[in-house]
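> following is a predicted model, sequence given first.
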Amino acid sequence: MEPDISLTIITDAHWVAVNRIQKRAYTSELHEDLEVLKSKSCAHNAICRLVEANAANKAKVIAYILAHPWFPMSAPALNQKINLLSIEDSTHLFIHDFAFDPSAQGKGYARRAIQELECLAVAKGFKSIGLVAVQQSTSFWAKFDFILSNIEKSLDTYDENAVFMSKYL
């Protein structure tokens, strides 16, 4: 049975939950300031969503997704505000964060959330997706057909095992 989730648009009231999940999902060197996280959601075509698990007529926030237009085969530096206005019409989506509360991992929620994210991306006209896999998550992303991709920019603001991955939609 498919897990019942919903992706809802992040509002000002949700940033406390986003920050809480970030602190639980990532090691401290990958934590970003809340204002930096908010800067990722300002573009017209940004796909920033809370992932809620629905059970017994109650929704529980279990994850968040911060994804926005970006330059193909490139990654923004970690913990730096970005101005998305100049690239809001890009056809390349960058998944900046896909963070799950550890208590929700291993239950099939991620697969459903990625399917929903890809549907949103296609509906908004994106042709490709890129991300930086951190905390040794390469095999996780490979399950969803992301492949290792070379980029010229250094990923030294991320963790020491960070790699760039991408896929065409």
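Yep, it's here. Numbering: from 1, shown residues only.

> any idea which helix or strand carries residue 164?
strand 163-168 (DSSP states H and E).

> in the longest strand seen in the chain, which residues are buried?
Ranked by residue count and defined by DSSP state E, the top strand of the chain is strand 58-69. Buried residues in strand 58-69, counted by 16 or more other CB atoms under 10 Å: 61-69. C-beta here means a position set from N, CA and C on the backbone, and glycine is covered the same way.

> tell me the helices and strands packed up against the next helix or strand after it.
Next helix or strand after strand 58-69 toward the C-terminus (DSSP H and E): strand 92-100. Contact here means 3 or more CB pairs under 8 Å, 6 or more residues apart in numbering; DSSP states H and E; on that basis strand 92-100 packs against helix 15-25, strand 58-69, helix 109-123, strand 128-133.

> of the ones you listed, which is nearest residue 41?
Proximity to residue 41 (CB to CB) singles out strand 58-69 among those, at 6.4 Å.

> so which elements touch that closest one?
When contacts are defined as 3+ CB pairs under 8 Å, 6+ apart, strand 58-69 packs onto strand 5-9, helix 15-25, strand 47-55, strand 92-100, helix 109-123.

> ranking these by burial, who's on top?
Counting by mean count of other CB atoms under 10 Å, strand 92-100 has the highest mean neighbour count of these, with a mean of 23.

> list the strands paired with it, with their directions.
Applying DSSP bridges to the sheet, strand 92-100 is found paired with strand 58-69 (antiparallel), strand 128-133 (parallel).
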